[in-house]
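[1] Give me coordinates for this.
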Amino acid sequence: MASLNKVFLIGNLTRDPEIRYTPKGTAVAEVGLAVNRQYSTESGEKKEEVTFVDVEFWGRQAEVVSEYMKKGRPLFVEGRLKLDTWDDKQTGQKRSRMRVVGENFQFLGGREGGPGGSGGGGEEYGGDRPARPQSSSRPPAQRPSPSAPPADRAPEEEDDIPF
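    Modelled structure (predicted):
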């Protein structure tokens, strides 16, 4: 029987990450994620609904998320669904809660206080992969800027610039 348990979410944190440690010292961070969906009704009216999702990260991922993320910041999460079940001590009833266990994530938007705002780009982190791509020993290709003179010509003097 085939089976797949995979979740991809992009949303904003609803609160600052809460980090705790297991008795063996493993970090566990819990975050709330608000995921928006926009749609149109049959009458053409634009609507928006928000789904709140609990996400937990383990180990080094938990530490990185709790260090760099704050309420309101956008985050891309790749993970799996997990159903927690327990008996309510007060009522004796069975209780359950669905959550996402984050396996990979990517910071979205710019750095706080830095350029970039909330548009595109990001920093990826997941599993044993490093947070930043490793640079190769080869230097990046050099491209001349559009305003730079070709390498075979001497730069024009300031007085020759027409503006």
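[2] Could you list the low-confidence segments of this protein?
    111-163 (pLDDT under 70).
[3] Tell me which stretches of it form strands.
    7-13, 18-21, 27-40, 46-58, 74-87, 94-108, 122-126 (DSSP state E).
[4] what's the fifth one packed up against?
    Right, strand 74-87. Counting contacts by 3 or more Cβ pairs under 8 Å, 6 or more residues apart in numbering; DSSP states H and E, strand 74-87 is packed against strand 7-13, strand 27-40, strand 94-108. The C-beta positions use only the backbone N, C-alpha and C, and glycine is treated the same way.
[5] List the contacts of it.
    Applying Cβ atoms under 8 Å, 6 or more residues apart in numbering, the external contacts of strand 74-87 come out as 5-13, 31, 33, 55, 65, 69, 93-109, 118, 122, 126.
[6] Only whichever of those residues are buried, select them in PyMOL.
    In PyMOL syntax, the buried subset of the contacts of strand 74-87 is picked out as below (16 or more other Cβ atoms under 10 Å):
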select buried, resi 9+11+12+13+31+33+55+65+69+99+100+102+103+104+105+106+107+108+109+126
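[7] so what's residue 6 closest to, chain neighbours aside?
    Nearest non-adjacent residue to residue 6, counting by Cβ to Cβ, 6 or more residues apart in numbering: residue 80, 6.3 Å away.
[8] Sounds good, over and out.
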